[in-house]
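[1] Here's a sequence, model it:
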Amino acid sequence: MIECAVRWSEPLPAEPRFLTLLDELEQGRYDNYRQDIDKRRFLTGRVLAKTVTAERLGLAVEDVTFDATCDDCGKPHGRPRVPGAPLMLSISHSGDLIGVAATAGTPVGLDVETATRRAEDSLMEYALTPTEQAAISGLSDDQRATAFFTYWTRKEAVMKATGKGLKIPLQSITFSGYDEQARLARSSHPALDPERTRLADLKAAEGYRAAVALLTSDEIAVTEDFVTL
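    Predicted structure coming up:
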């Protein structure tokens with residue numbers, strides 16, 4: 001059984017006790033955001049990830065340093081990791097909710113989306129396979145939006161787990177029904193094998209849909225907590 005811990009938080013205030021936990025590169029990324037809410041989301045993601053890392057590795061949170069070098073371009077916007085540590089992290093945010101998923105080395109992807117907005121038909125056609133589109137075709141607008149974001153978060157979660165993101169075509173992966181236990185039913189992309197992919201739809205918070213994916217053939221146990229930092 002592979003364990004995965006998911007922690008949620010509201011956006012933190014830009015206070016010195018949190019800002020001092022950012023290293024020089026992270027401070028640069030923080031400063032580059034123009035909108036205050038974007039700054040706070042980035043800050044919260046890093047502080048939450050460092051708090052989880054400190055707990056799991058037995059470190060003081062101020063001693064946690066991430067390497068976020070992108071494998072493709074070398075810039076510091078990749079998946080945060082502690083070199084040499086048996087830990088994998090994934091950060092996601094939407095609206096006023098920020099989350100971090102952590103495992104003891106199993107590739108993991110987390111996605112959360114605000115599910116209260118309307119899903120445009122063009123977006124559904126772009127993101128969903130014919131099987132998924134057929135599953136939601138008879139729903140009301142509100143039900144269809146909720147179902148769509150269930151599929152969307154599953155897709156984002158598995159793509160994040162691979163580290164390839166949107167390089168994996170959304171139409172190449174098909175999931176179990178939006179109202180069924182989350183499962184990758186089919187994949188035509190070599191980076192994703194249904195036999196080695198495990199998912200869970202998450203509770204997150206009211207007005208949000210979220211999912212977590214692990215690249216493993218083992219069963220998974222996912223815990224969720226809303227924390228106050």
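[2] other SSEs contacting the helix or strand of the chain with the lowest mean pLDDT?
    The helix or strand with the lowest mean pLDDT-type score in the chain, counting by mean pLDDT, DSSP states H and E, is helix 121-127 (a mean of 90). Helices and strands touching helix 121-127, as assessed by 3 or more CB pairs under 8 Å, 6 or more residues apart in numbering; DSSP states H and E, comprise helix 130-136, helix 141-162. Glycine gets a C-beta too; all of them are placed from N, C-alpha and C.
[3] how about a cut-off of 7 Å?
    Counting contacts by 3 or more CB pairs under 7 Å, 6 or more residues apart in numbering; DSSP states H and E, helix 121-127 packs against helix 141-162.
[4] contacting residues around the helix it packs on?
    Residues outside helix 141-162 that contact it (CB atoms under 7 Å, 6 or more residues apart in numbering) are 90, 107-113, 115, 118-119, 124, 127-128, 132, 136, 139, 165-166, 168, 170, 173, 175, 178, 182, 184, 191-192, 197, 199, 201, 209-215.
[5] Following element in sequence after it, please.
    For helix 141-162, the following helix or strand on the C-terminal side (DSSP states H and E) is strand 173-175.
[6] Return the distance of Thr197 relative to Thr131.
    Distance from Thr197 to Thr131, counting by CB to CB, to the nearest Å: 17 Å.
[7] Give me the more crowded residue out of the two.
    Comparing Thr197 with Thr131 by neighbour count (other CB atoms under 10 Å), the higher total belongs to Thr197, at 22 against 12.
[8] Quick check on the most centrally placed residue in the chain: phi, psi?
    With distances taken as CA atoms, centre = their mean, Leu110 lies nearest the centre of the chain, 2.1 Å away. For Leu110, the backbone dihedrals are phi -120, psi 140 (criterion: degrees, to the nearest 10).
[9] got it, and the one 4 residues further on?
    Backbone geometry at Thr114, expressed as degrees, to the nearest 10, gives phi -70, psi 120.
[10] Need the pLDDT of the closest residue to it other than its chain neighbours.
    Take Thr114 and drop its neighbours on the chain: the residue closest to it by CB to CB, 6 or more residues apart in numbering is Gly95, 4.3 Å away. Note on Gly95: pLDDT of 95.
[11] any idea where the helices of the chain begin and end?
    Assigned helices in the chain, in chain order: 16-19, 24-32, 36-57, 121-127, 130-136, 141-162 (criterion: DSSP state H).
[12] and for the fifth one, what are the contacting residues?
    Spelled out, that is helix 130-136. Contacts of helix 130-136 with the rest of the structure, by CB under 7 Å, 6+ apart, involve 124, 144, 147-148, 151, 174-175, 177-178.
[13] Highest neighbour count among these?
    Within the contacts of helix 130-136, most neighbours by other CB under 10 Å means Tyr151, with 28 neighbours.
[14] Apart from its neighbours in sequence, what residue is nearest that residue?
    Glu132 (5.4 Å).
[15] Now do the one you found against Arg183, distance only.
    For Glu132, the distance to Arg183 equals 13 Å [CB to CB].
[16] who touches both of the two?
    Counting by CB under 7 Å, 6+ apart, the shared contacts of Glu132 and Arg183 are Phe175.
[17] okay, those two: which has more neighbours?
    Of the pair Glu132 and Arg183, Glu132 is the one with more neighbours under other CB under 10 Å, namely 27 against 14.
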